[in-house]
Structure formats: C-alpha cells, structure tokens
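1. next comes the sequence, and after it the predicted model I'd like to discuss.
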Amino acid sequence: MTTHSEPTIVNIGPHHPSTHGVFRMRLTMDGENILDVEPVIGYLHRGSEKLAEERNYTQVITLTDRMDYVASMTNNQAYVLSCEALAGVTPTERGMYLRVIGAELQRIVSHLVATGFFLQDLGAFATPLMYSMRERERILDLFEMLCGARITVSYMRIGGVFQDAPAEFWPALRRILDDFPAYIDELEGLITDNEIVTYRTKGVGAISGADAINGSLTGPVLRASGVSWDVRVAAPYDVYDRVTFDVPVGDTGDNYDRYLMRIREIRESLKIVEQCVAQIQPGPVRATNAMLFRPPPGESYVPIEAPKGELGFYLVSDGTIAPYRMHVRAPSLINLTLMKQMLVGWKLADAIVSFGSLDVNMGEVDR
Amino acid sequence: MTTAVTGNELADTVQRRFPEAVEEASEGALRVAPDAIADVCRFLREDALQDFDLLSSLTAVDYVEYFEIVYHLTSIARNASVVLKARVYGREAPALPSVVGVWQGADLQEREAFDLMGVTFTGHPNLKRMLTWEGFQGYPLRRDYLEPPLPYTWPQGG
Amino acid sequence: MYGMGIVKGLLVTLKNARRKPFTTQYPEQRLEQAARFRGQEFTWYVDRCTGCASCAKYCPLGIIRIETDPNGGNEQDGGTYRVDTFDIDQARCMYCGLCVEACPYDALHMGSNFEASQARRADLVITKEDLIGREKHPSTWFRPQLSREGYDPFSGQSKDWHEAGRESGEWHPQRPETLPGAGDTRATSDGDYR
Amino acid sequence: MAPLEDNRIFSGVYGFFQGTLSAPEWLAYFFGGFAVIMTVVNGFLLIGTIFTWMERRVVGRFQSRLGPNRLGPFGILQAIADAIKLLFKEDIVPRRADRLLFNAAPIVMLAPSLMALAVVPFGAGSYVADLNIGVLYVVAMSGVASLAVLMAGYASNNKLALFGAMRAVAMLLSYEIPLVMTLLGITVLAGSMSLVGIVGAQGIPFLLVAPLGALIFLIAMSAELNRPPFDVTEAESELVAGYITEYSGMKFGIFYLAEFSNVVLAGALFAVLFLDGWNGYFLPSHLWFLLKVFGFLFVASWVRATLPRMRIDQILALAWKYLFPLSLVNLLLLAAETIAWPDPSTAELWLMAAINWVVALAAVPLLAMVGARTPARPRRVGFPQEVR
C-alpha cells in the first residue's frame, strides 16, 4: 500500500536562535528537503526613511547608525558622501583618511561577526564566535577612543569627521595592525580546511555569476560568484584611489566561497588601514562647521562598498534643512532576492547555513 | 572611475529605438514614458553597446502631483552608470509595468515601493506588502499619510 | 589526509585554552574606558548656560525641556535668560551627543557613567537640581580643550566651570550663512525655514 | 560470578542489620542490596552532575573565558544550583501533547544508563554484578535510550521536536551496528563477554592492541550520545532544541542529567574496554578508574568545543559507507589474530598491536576516499506535483 504524505510547512523564525535578528522563513518541506521558501520580513521596520524627512541633515546621521547596526561607520560614510555630493562640499584631507580608517576597521568588525555567526549556524559550539568577538572587542575599544561609542558611532559629519583622533589612538591602532594577521591565520586554521566545514558548505547554495548580477547581488556575495565588482575600485570615493589593495574573487559562489571572501577581505582591509596610517598628514578634520546644513535643491546617489554590499543613500533636497526624500539602497535586503533559488532542493540544516553565509543584517533589511 | 552616462547622451540612442518613449533628457537623468519603461530597460540590458546588467537601486519618490520612480543602472563591464526616471500621475492607483522580467533584483525593491508608496507594478510575480503587515491600511511614505489617531486597532495581520 | 583539518582545528582550540581568559568580572574588575566615552549623567554648568536652548532644538529626539524666565533675572549683562527648568529625559536619550555639539557656550558636556539605571521610568528624568548638585566629571567628547589638557573623567576630581575652559569661536558650529558655496540660508521673516 | 556477600558495602550493612538490630534475614538482605545500589547510582549521578560543571568550565577555558565561578570555589556548586533552579521552574506540558509519553520520556532516557552501571567494574573487585554476558547487557541498555528520544520528539506535538526525533531514529539505529561490531571485536580478543573478564585479559590496554576498534567506538559512541559533531537531534542552530524543545522544569533537568550521565557511562565503558579499567601502578584502583573516565570526559568536552555539526544525510553516509566496512575489517583482523594466538601472552599482544596499527593507518584514509563522499547536492526529491 502506498503511504500518502504531503509537504509540511515549517516556520523558521521570527523568534529563532539563528536568524541574525528578526527574520522568518516559511519553508515547505518534504521531510528534510526544502521544496519552497518564502522569506517574511518587516519585523524590525522602524520607518527610518519617513523619520529622516523630519530631521535636519546632521540629525539623520544618528539615524543611519542604527540601520546596519553591525557596521554603523560605513552607514555614516555613505550618507555623508551623498550629502557632500548634494551641496558640493569637499571634505578635508585628514577627514577623508580618518573616514577610510574607520570604515575599513568597521569592515573587519562586520566580517568577524559574519564569520563567527556563520560557524555558529554550522553548529560549532560558539568557540569561533567567541574568538571573533574577542578580536572585535579590541577594535570596538578603538572606536570608543575615537568617537565615544562602540556600536552607534555617529563619527562622521558633512565635510569630514567631527573630531580628530586622540593621541593614544595611534599606538593602539599600531598594536592591532601588528597582531591581527596572526590572529586571522589562527581563525582560518580553525575553519578553512576543517573537513566538516568543507563537507557541509562546499557546493551548497551555489549562485552563478550571471544570476547574481541579474539578482542585483553585491558585495562579498557577488564576488564569491566570480564577478569582480567592488565599488571602492570601480568608483573610488574618499581616498580609495590613493591606496592599493586587491579584490578577492571566488569561483563557484557557494557558502564556502562566501566565507572565504570575507576572510580575505579582512586581510585586504588591514593593508588599506596600514597605508592610510602611513599617508595621513596633520590638518583640519572638518571642512564646514555648519550646524544647519542646507544644500541647494537637487538629488544625489553616491554608492559605497559597505561590508554587506553596495550601500547608497538617494537624497532629494528641496533647499530646506531637512531631506525631502531619503531612500537607502540596502545591500542586505537585495541580497535576499535569490534566497529561494539558493535553498530549494537542499536540507533544513543548509537553509540556516546558506542564510548565514549571505550575512544579512535585519536592521538594514527592514530599515 | 565610474563614467556617469548623462541623460542627453542616452536620449538619442533610446529615441531611435523607441520614438515616443523619451519624455525629457537632462544632465542627471533620462525621463522615460511610464508604459515604455519595461521595453527601454530590456533594451538597455540586452544591447551589447549599453549592457546595463546590474540594477543598482529602484526608488519611488512622492512629488505630490506625481510619483517618480528612479532606476539607478550600472554596467559592470563598461563600469558606467545611468539614472532612468519615470513619472506616474494620479494618487489612487498609480501603476507602471514591472521590470522584474528584465532584472530579478527589482523583485524586493518593487515590493517595497508598492508597500510604502502604493505604486503598483503590473506584471510583478507576487506584489504583496513586505515591510508592513498584511492588515495595514494606507501607504506610510506618502507625503499625505496621516497616522490614524490613537487608539486604533489594525485588523489582525496574516 | 581525511582527518587532518579536524586535528588542526583541535590544536588551535588547545592553543587558545592556554591563553588567559579575556573576559573581565564586571562588578569587581572594570574595563578601563576611553576619555571620550559618551555616558549618562550629563555635566551641566548653570553659570555658563544662557538658556538659548540650542541643545533642545538640536536633539534628534527632542527630549531636553528648558523653561526660561525672560523678563525675570536678566542680571548678567550678556542678555542671558534665567533657566527655571532643565530636564533631560534619559529614558529616551540615545547619548548621540548632538546636544553637546550644539551648545555654543560649552555649558553642557557628556557624562562618563553608564550605571544610572532606575527602577521606575519616571526617575530617569534628570532635573536641574540633579545636574547642579552632581559631581562634575565631563567627558572629553567634542571638547578639545579637555582632551588637549589630558583630562581623564574617571580618575580626576570634580571639575569646576572655571577649569572646564572654552574652545575658540571657530570650533563651535557657525550660523549657516558662513557655509561656503551654499545658497541664501537665513530664516525667512515668518520664522520657518521655507 | 563473585557472590554478593564478599562485597564490602553489602556485607557491612547486612552485618549491621543482622547483628545489632537482629532484624529478620530477608530485611537485612534487602537493606544490604539497597545500600549498594544507593552508593553506585548516587555516585554515578554525582559524577554526571560534576561533569556538567566540568564541561562548562572546560569549554569556557577553550573559548578563553572563565565559565561558572560564582557559586562555591571555582563555581563547583553551579550544577547543584541549576538542579535546584530547575526544580522550581514551571513544568509546562504542551496542549495537544501525548501526556503519558511526554512524562515517561525522561525516565526512559535515564533508567537504561543507570541499569547499565550494574556490570561496570569501578575498581579491583568492586562491581555490582559480574554478568558473563556483560557486553550484550550494555548494548541492550544503550538501545533503549534511542527509544526515549523518539518518545519525547513525537509526544511534544512540535514540528521541530518531530524533526529531532526523526533524525534521532535514523542516526542512533545506524550507529548501533558499528558499535556492536567493535564490541564484538573486543569480546573476541578478550575471550569473554564479562567486563571484569575483559579488564583481566588486557595485558596491554586494548587501545594499543585494537586502535581501529577504539576509533570506531569513539565515533559511534559520540553519535549514540548526540555529542557534537553528531548533535543533530538537538541542534540548537536549526531545531531550537530538537526533541527537548517543549520540555521545561525538572523534566528538562532529567533529560539534561541523563545526557551528561550517558557521556560518563560512555567514558566508563571506554576506560574498561580500551584503557585497561582500573589497572594501574601506585595509585589505588578506584582513582585510576576515575582518572581514565575524566580523561575521556576532557576529550569529549574538547571535541564539543571545536567541531561543527554534520548534516544528517552525511552522518548516515558516514555510518553505512565508512564505519560499517571499517568495523568489519577490524573484526576480521582480531578474529584472525585470536585464531593464530588463542591465549595471547604479552609479547604476542605486542605483535598483534603492531599488525593492527599498520592496517589501521592504511584502512582509514583509503576508505575515506571511497566511502565517506556523499553527493554534495542531494537528488531533487519532489512530490508528484511540484509544490508551486
């Protein structure tokens, strides 16, 4: 006699240990295999774009910190660059260098978090996560020295940064730059050629280069699929045209490659910070001291390479002190487009790992 | 450096292919008739010369008299970017063809524009609310959206 | 060989087991904080405050409440108002520091404490009396004169308003018209920024 | 089979009741046996509780943090504090759960591991019972535990728990076979199934003599106990807490204690079967036994702190395509050697050890290439009508 069975619908999230914030997947399952995925988002929607219309340009900076709460420095940078393009303000030299140092340190922090939680999803009992958090804390101490806060930094202002780095910042940065490569080798030793990790992530959730471009994926996820597209190289902003670094590119675009991209990008970021520290000159750190920034009417969109992908603020100004419309091109949201294609056909365990490898931050997805 | 293709340069190539599509070409962007947007986008993507294969960002802006949908396109091979715009009039049911057929990346961005601005994209596979819950009435990002006075109870969402 | 990756991982864990734990036991031991730490319990010098309320205007959340008495105590010649109430609602404050940045007279400074939690939400509102009576340990956030002097809010003694010093004029935020390349930015006659 | 009388605890209590209280003979016998059981079960559960504390400290140490250190010296009372806390926690039974099965599951999980203690020799001459089919008894007991996981998963009316239960059934049963094969190998080598006999026959610790057997035992036992890298039944990153998602209060406490006590039991078995039980120089036999068990527990915590989890189909592939042939090779090898040297002296044991090591070092990588590879992308399993 034939046993009749039909697909079960399993809800992963919104209250679930490994959904990187508040995210829900309605999986239609046949036993362990996934037949259909429907991501449900919006649990962390705070209406940042509506709020921005009631705040003046400098107050919106505190809003941008809280979008991708793991990489607030690069959020500030994207917003401030867009404002400067709006009013034609050119930031000071030292301000730009400090911005790039902050952004690259933030990229290292964001990739550490992504790698740590990627291993946590794979089941390693929080040990790689603890190592990543331990190193992340040392960089957050630097941020605390630089701008007074560890997570919501609000460090950048239109025209540069709000205050110069304190004297004890540079030796502390020097210490980190010296012993970080050794630490990254240790973290890689724990993960990269661990048979169980390769066994579970190689070939899982692969996306081809063409599909990735068509699905507007950007950042490490796109580069893992073999497409060499990095906004820092394509459209250099701040001082990225004066530093040399290479862009790691994967080949198959599976979970393993996405993890490798992040580890290699951490090494590249270290190189960039090294060059910035060498090239930085004393000088003013802020072009304008304007409290009420009032750009001429117009619009601007300056994309940057945030840790999660291409982040850009589309600002429309009508000449008043508040932006008329602010739209955030959120890389985390758009990287979710191809999730169904990545997960269908795989197992329940792979769904969590593939979602983890996309390194999505719910604060940025829902805004 | 990404060469920003201006609206004027693009105007005549698009004009030749789609005579009545171009409404206005300025330094910053090329404004196209709303119902021709899908065809122009397909042309810009598939044409070997243009090759805009990455839809960077899709935004809806509410200018009270009309809604303006802004498309930021990028060509990875040519390292070029262009801004395409389309204006949709009327506030009850503004609609224009969806470009999900051209770039799959537009899927979630169009759903967000529909959810927050109320612009329907015809031909979108599952145009549903994304950020607000199913029982939500009104489109919050519109300039004339007024939060109903408290205490209000939304019907139980899906 | 098949098992080598796993063995290497195990050795890395073993190597880390020999290192000293990096966690600090909070109530007994404390992390040393940076001088610029944006903490709770603001430092406010009543003698310097002219009641201009630019901090209240500039706060993104609008949680600073200032009531001044314009016709009353206009004793100081500089045309300052006497401040009757100066409440900061710390329950909703996010410690972004924009109020400290906006204060043109260096009267308001960020605090450097993070243990000011209360049982009831209403107790979280700091009143004028609290601010005046409190020990003054201003953080050096957006106060270059304090960081230049190497002041450490965690060890130093309370700082009187004379010693807090004041930064030169160009450091403080300017009125918009001094913005290079910006259009006419003065407020229109009917008061709103049209 | 040593009679119960010469067991020190039993004879002490029996004498006390018989002599001073001049109680009837059957009552003294009852209390004598009860005392023996009390000491063994409580001792075992105490070690289980200590292991929960030890695991948290050791894994903490691996993660360069401290682990519990507030209650008692080095936080040793943390385990007892957890037990007390769980006692007072609210005990929730889900609405449409199968009440009988739901309440029975924790007991069915803990009871077999306690019963399996009867045959384990803790020291020179101190064991509860020396059954001559000791190994078969242990295998029977470990089979029951997998039943408890299925009962818990099915009874708690929760999809994630059901997933945990289904995975448990598949994994535990398919790892039973390599486990039994290895125990068979050891029995053949030692010539007797009684654990005391096996300890006696170990001139050299069997770990050296049968390395392949030890490796398979370790892997199969860690799968039986849901220990990483095989903890798919309560995978906290996928199934929230697997089959014990719906459990709270002391029922969860019993499950938690049962899981850790099973690991201690596995440690005891590994010590008896492969590390020559309580034999050792200078130190008293009980201390040697404890040292060996805690050594195994340290390695278990070490593995738990490092290795990520494998996917369920990879685990099954590992069992059937890799461990099963490997255990056959091991069994064949040991059987041949026992025929060649029926009653092996120490010298012959060393010879057998040499052969076994060579074969082990050859067989493991060779089979790894062939057996353990599973198709990275499983065949598309769809329903007749593909869902949307």
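-> All right, it came through fine. Keep in mind that this is a model prediction, so the values were computed, not measured.
2. so which residues of the stretch 101-250 of chain D form strands?
-> In the stretch 101-250 of chain D, no strands are defined using DSSP state E, counting those that start in this stretch.
3. please enumerate the helices of it.
-> Along the stretch 101-250 of chain D, counting by DSSP state H, counting those that start in this stretch, helices occupy D:134-155, D:159-190, D:195-201, D:206-209, D:211-224, D:249-274.
4. got a list of contacts for the fourth one?
-> When you say that, I think you mean helix D:206-209. D:186, D:189-190, D:198, D:213-214, D:273-276, D:349, D:352-353, D:356-357 (C-beta atoms under 8 Å, 6 or more residues apart in numbering or on different chains). Where you see a C-beta, it was placed from the backbone N, CA and C, and this is true even at glycine.
5. next up, the contacts around residue C:141.
-> Residue C:141 makes contacts with A:148, A:163, C:36, C:37, C:38, C:97, C:100, C:109, C:110, as judged by C-beta under 8 Å, 6+ apart.
6. measure how buried the first one is and give me the count.
-> When neighbours are counted by other C-beta atoms under 10 Å in any protein chain shown, residue A:148 registers 29.
7. please tell me how far residue D:97 sits from residue D:155.
-> Applying C-beta to C-beta, to the nearest Å, the value for residue D:97 to residue D:155 is 6 Å.
8. and those two? which has more neighbours close in?
-> Set residue D:97 next to residue D:155 and count neighbours by other C-beta under 10 Å: residue D:155 wins out with 24 against 18.
9. tell me, how many residues neighbour residue A:285?
-> Residue A:285: 22 neighbours (other C-beta under 10 Å).
10. roughly how far apart are it and chain D?
-> Distance of residue A:285 to chain D, given as C-beta to the nearest C-beta, to the nearest Å: 36 Å.
11. where does chain C dip in pLDDT?
-> Chain C contains residues with pLDDT under 70 at C:1-2, C:70-80, C:156, C:168-194.
12. excluding its backbone neighbours, what's nearest residue B:23?
-> Closest residue in space to residue B:23, ignoring its immediate chain neighbours: residue B:31 at 4.6 Å, by C-beta to C-beta, 6 or more residues apart in numbering or on different chains.
13. okay, and the beta partners of the one you found?
-> Taking DSSP bridges as the rule, residue B:31 bridges to residue B:24, residue B:85.
14. backbone dihedrals for residue D:346, please?
-> Residue D:346 adopts backbone torsions of phi -60, psi -40, taken as degrees, to the nearest 10.
15. and for it, the neighbour number?
-> With other C-beta under 10 Å as criterion, residue D:346 counts 8.
16. enumerate every residue touching it.
-> Each residue near residue D:346 by C-beta under 8 Å, 6+ apart is listed here: D:203, D:204.
17. what do you get for the one 10 residues further on?
-> With C-beta under 8 Å, 6+ apart as the criterion, the residues that contact residue D:356 are D:209, D:210, D:211, D:212, D:333, D:334, D:337.
18. what's the second one in contact with, if anything?
-> The reference is to residue D:210. Residue D:210 touches D:185, D:186, D:189, D:274, D:330, D:334, D:356, counting by C-beta under 8 Å, 6+ apart.
19. from chain C, how far off is the residue nearest to the third one when sequence neighbours are not counted?
-> Here the nearest residue to residue D:189 in space, its sequence neighbours aside, is residue D:334; by C-beta to C-beta, 6+ apart that works out to 5.0 Å. Applying C-beta to the nearest C-beta, the value for residue D:334 to chain C is 22 Å.
20. and what of residue A:350?
-> Taking C-beta to the nearest C-beta, one finds residue A:350 at 20 Å from chain C.
21. residue A:54 too?
-> According to C-beta to the nearest C-beta, residue A:54 and chain C sit 9 Å apart.
22. that residue touches residue A:320, doesn't it?
-> No: the criterion here is C-beta atoms under 8 Å, and residue A:54 misses it with residue A:320 at 11.3 Å.
23. have a look at the two and say which one is more surrounded.
-> Neighbours were counted for residue A:54 and for residue A:320 using other C-beta under 10 Å; residue A:320 has more, 17 against 11.
24. need the pLDDT of residue D:97.
-> On the pLDDT scale, residue D:97 is placed at 86.
25. residues from chain C in reach of chain D?
-> Chain C comes close to chain D at residues C:1-3, C:6, C:9-10, C:12-14, C:16-17, C:19-23, C:25, as judged by C-beta under 8 Å from any C-beta of the partner chain.
26. let me know the distance separating residue A:293 from residue A:156.
-> 13 Å.
27. list the buried ones in the longest helix seen in chain C?
-> In chain C, taking DSSP state H as the definition, the longest helix is helix C:4-18. Using 16 or more other C-beta atoms under 10 Å in any protein chain shown as the test for burial, helix C:4-18 gives C:5, C:6, C:9, C:10, C:12, C:13, C:16, C:17.
28. elements contacting that helix?
-> Applying 3 or more C-beta pairs under 8 Å, 6 or more residues apart in numbering or on different chains; DSSP states H and E, one finds that helix C:4-18 makes contact with helix A:169-191, helix A:195-201, helix D:25-62, helix D:285-306.
29. out of the buried residues of helix C:4-18, which is nearest to residue A:98?
-> residue C:16 (33.2 Å; C-beta to C-beta).
30. isn't the closest one right next to residue A:135, touching?
-> No: in this structure, residue C:16 is not within contact of residue A:135 by C-beta under 8 Å, at 11.8 Å.
31. next, count neighbours for residue A:88.
-> 13.
32. and the helices in chain C, which stretches?
-> In chain C, the segments counted as helices under DSSP H are C:4-18, C:54-58, C:98-102, C:128-133, C:144-148.
33. how about the ones you listed in CSV, adding distance to residue B:103?
-> Output for the helices of chain C, formatted as CSV (distance: least, C-beta to C-beta, whole Å):
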stretch, distance to residue B:103
helix C:4-18, 40
helix C:54-58, 42
helix C:98-102, 39
helix C:128-133, 56
helix C:144-148, 49
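34. against chain B, how distant is the residue of the stretch 151-300 of chain D found nearest chain C?
-> Taking C-beta to the nearest C-beta, chain C has its nearest neighbour within the stretch 151-300 of chain D at residue D:229, 8.4 Å off. Taking C-beta to the nearest C-beta as the measure, residue D:229 falls 36 Å from chain B.
35. that'll do, ta.
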